[in-house]
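Colleague: give me the fold of what follows.
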Amino acid sequence: MIQAVRDILRDRSIRVAYLMCLMLGVAYGIVMAIVAIYLNKERGFAETTIGGLAFFFSAGIAIFAIPMGMLVRVWSPRVMLAVALIGYGLATAIFPFLTSFAALATARAIDGAFSVGVWISIETILLMRTTALNRGFVTSLYSIVLAIGYVIGSVFAAGWTHFAPSASVFVCAGVLAIGAAIIGLMQLDRDLQPVAGSGHAEAGTTGSHATLAAGKPAIGAFRLYWNIKTACFTTFTYGYFQGSLVLFLPLFLIDHRGVAEGPTKLLVAFFAAGMALTVVFVGRLGDRHGHLKTIRVLVAFGAAITVSVVYLPWFPVVAVVVFLAGGVLAPVYPLSIALQSIIAEPRDYNRSNALLNVSYALGTLAGPLICGYLYDTYSRGPNGTKVPFGGELLFWQLAALWALVFVMTLAFRRDDPSLRRRRG
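Modeller: All right, here's what the predicted structure looks like:
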């Protein structure tokens, strides 16, 4: 395992991309740890309104994912990555200084648009610079670097807000993102070329997953989406889950379990730590035994873990379960990236990455809205009073969605190229 990591990190482009991922992960961790509590407790926004702001973030992702994928091809992943990081950094830094809902919503939409540009650019660079047989491993390392950043960022946010205004952490996150953009412009190769065996070269590709792009016409968007539908639906569900949990699990614990605000800011760190512990191992399993099969096993456990939150009255136990959820459910995202990359033709990677990110965006768009409504409607009494043990429906419907993913991975199991190869 260590030698495999060393082999991957010999590539300067991958090293720089991972460093930028780490800085971006810290920025995301800072914002994710504080945003719901900041909006609810310091700005006085109701849960439904918070879900509405999350809607604009996800709408920015969904609307601009396809155009950003096109710009990656037109401008190059390096330039698009730098532009997107700067845009994200500026939108994040000014967020706490905006006073009206319209201004906050616009900032969140811009944040989402540039975020998806960052993701597509980084994922394209990593897919270009690795062989097809190591896709799950490389995308898992990508996720683990982000996870480490989430841990650092959430711990930083929890500590920083003890002696500084909460608004200042948004500025810190913005500065980090802009710093990552500068590093990318200075260190990434101007003429970034695919490695042999990546599946991008028109000749000489190697490995059983590789496909040649030469002479093959591009397929339509709907056909491409259907080919990678299992990866897209899994990613949609992960976005729905992540977008809902990061906003409403802290509020659920504060309102219905009597947990103080401080500890809830560490939930992102627990989730990311669980992810960091397992994601590389899971990625290797996906490369060896099939990405879709591995996803099926993970979501079966994930549904049970999600439901268990309903029955846990103490924060330390909830923290352990969140850690387990990170270890089991977070790896499905890099596995989905790897799965779509071996289904789609290499010439379609910018579009397939964009479709995957649209799916994630639609999940993060629907999740906070639906969960915000469920939480606001079913966790409070007629006069706005707190209902004992309220909010459980939120977790039951999240578990049901993971169960639906399990069923879909069975129904379309032949979408996994590894299964098709074994059966001929």
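Colleague: please report how far G89 lies from A177.
Modeller: 3 Å (CB to CB, to the nearest Å). No exception for glycine: its C-beta is placed from N, CA and C like everyone else's.
Colleague: looking at the two, which has the bigger crowd around it?
Modeller: Under the neighbour definition other CB atoms under 10 Å, G89 and A177 were set side by side, and A177 has more, 28 against 24.
Colleague: help me confirm that that one comes into contact with I86.
Modeller: Yes. Between A177 and I86 a contact is recorded at 7.5 Å, counting by CB atoms under 8 Å.
Colleague: overlap of the contact sets of G89 and A177?
Modeller: Common contacts of G89 and A177 (CB atoms under 8 Å, 6 or more residues apart in numbering): A27.
Colleague: helices of the stretch 151-300 of the chain, start to end?
Modeller: 167-187, 221-227, 229-256, 261-264, 267-289, 291-308 (DSSP state H, counting those that start in this stretch).
Colleague: now W402. Nearest residue, chain neighbours left out?
Modeller: Using CB to CB, 6 or more residues apart in numbering and skipping residues adjacent in sequence, the residue nearest W402 is A303, 4.0 Å away.
Colleague: report the contact partners of that neighbour.
Modeller: A303 makes contact with 399-400, 402-403, 406 under the criterion CB under 8 Å, 6+ apart.
Colleague: okay, the residue lying closest to M23 once chain neighbours are set aside and I122: tell me how far apart.
Modeller: With sequence-adjacent residues excluded and distances taken as CB to CB, 6+ apart, M23 is closest to A180, at 4.0 Å. Distance, A180 to I122, by CB to CB: 10 Å.
Colleague: common neighbours of the two, please.
Modeller: In contact with both A180 and I122: M20, using CB under 8 Å, 6+ apart.
Colleague: more crowded one of these two?
Modeller: Neighbours per residue, other CB under 10 Å: of A180 and I122, the larger number sits with A180, 27 against 24.
Colleague: just the pLDDT for that one.
Modeller: With respect to pLDDT, A180 has a value of 96.
Colleague: surely T278 meets V328?
Modeller: Yes. Using CB under 8 Å, T278 makes contact with V328 at a distance of 7.4 Å.
Colleague: neighbour count for those two, which is higher?
Modeller: Neighbours of T278 and V328, each counted by other CB under 10 Å, are more numerous for V328; the result is 24 against 20.
Colleague: beyond the helix or strand hosting that one, next helix or strand please.
Modeller: Secondary-structure assignment from DSSP states H and E places V328 in helix 315-329. Sequence order places helix 332-343 as the next helix or strand after helix 315-329, per DSSP H and E.
Colleague: can you give me how far the helix or strand that that following helix is followed by is from the chain middle?
Modeller: Downstream of helix 332-343, the next assigned helix or strand under DSSP H and E is helix 349-378. Relative to its chain's centre, helix 349-378 lies at 11 Å (CA atoms, centre = their mean, to the nearest Å).
Colleague: residue numbering should commence at 20 henceforth.
Modeller: New numbering, starting at 20: the last item is helix 368-397.
Colleague: tell me where the model's unsure across the stretch 170-319 of the chain.
Modeller: 213-237 (pLDDT under 70).
Colleague: would you mind measuring from the closest residue to Y368 other than its chain neighbours to S159?
Modeller: Closest residue to Y368 apart from its sequence neighbours, by CB to CB, 6+ apart: L146 at 5.7 Å. According to CB to CB, L146 and S159 sit 13 Å apart.
Colleague: overlap of the contact sets of the two?
Modeller: Joint contacts of L146 and S159 (CB under 8 Å, 6+ apart) do not exist.
Colleague: ok, back up a step: want to throw the helices of the stretch 170-319 of the chain into a markdown table with distance to Y379?
Modeller: Converted to a markdown table, these look like this (distance: least, CB to CB, whole Å):
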| stretch | distance to Y379 |
| --- | --- |
| helix 186-206 | 19 |
| helix 240-246 | 14 |
| helix 248-275 | 4 |
| helix 280-283 | 24 |
| helix 286-308 | 16 |
| helix 310-327 | 15 |
